[in-house]
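1. here are the coordinates; sequence isn't available:
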C-alpha cells in the first residue's frame, strides 16, 4: 500500500481511530482554543496560563505548600517548581521553607501578586458569545468536572 492509498475498512490500517471522534481530542483542542482566547487577558497580566492558574489558587488561599498547589492543579512538584521560581523572579510570590516542617515549601503572594488579582477578575470576552447564559456555562463546567472526577477515580488512573 502506498501512502496515498485508502486502507480497506477490514484491514488493521482501516481500524485507526478517527481524530474527530475522540472525546479526549475534543477536550484537548477546546482547552487549547480557550487558552488562545484567554491570551489577551494573560498578556495584560504578564502571566502564562499555568502561572495564572497558580495565582488563582493563591488568591483563594495564600500561603499554601507546593504540594497543595500541585494537588489542586493536578501538577507534579517537578513541573510546578520552575513555574514558581519564575513567579518569584517576577516579584509576584515568595517561596520559603515551612518553619514547622523544613521539607515543605510555602508559597506566599507578595504585594504585587495580591494587587494583580483586581486585574484578573474580568470575564474573558469569548464567554459572552459562546454561551446562551451563565447557567449554560456552569452546566458544561459541572459535566466536565464530573468526567474528570470519574476518570481520576478509575482504578489504575493516577
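-> Received it, and whenever you're ready, just let me know what you need. Because the structure is predicted, anything quoted here is derived from the model rather than measured. Residues are numbered from 1 along each chain as shown.
2. following the helix or strand bottoming out on mean pLDDT in the chain, which helix or strand shows up next?
-> Every helix and strand of the chain was ranked by mean pLDDT, DSSP states H and E. The lowest is helix 125-130, at a mean of 85. Remark: after helix 125-130, the chain's next helix or strand is helix 134-153, criterion DSSP states H and E.
3. check which helices and strands the helix or strand encompassing residue 108 sits against.
-> Assigned by DSSP H and E, residue 108 belongs to strand 105-109. The helices and strands touching strand 105-109, judged by 3 or more CB pairs under 8 Å, 6 or more residues apart in numbering; DSSP states H and E, are helix 49-60, strand 64-65, helix 66-73, strand 93-97. For every residue, glycine as well, the C-beta is placed using N, CA and C.
4. neighbouring contacts of that strand?
-> Outside strand 105-109, the residues that touch it by CB atoms under 8 Å, 6 or more residues apart in numbering are 54-55, 58-59, 62-66, 69, 84, 92-98.
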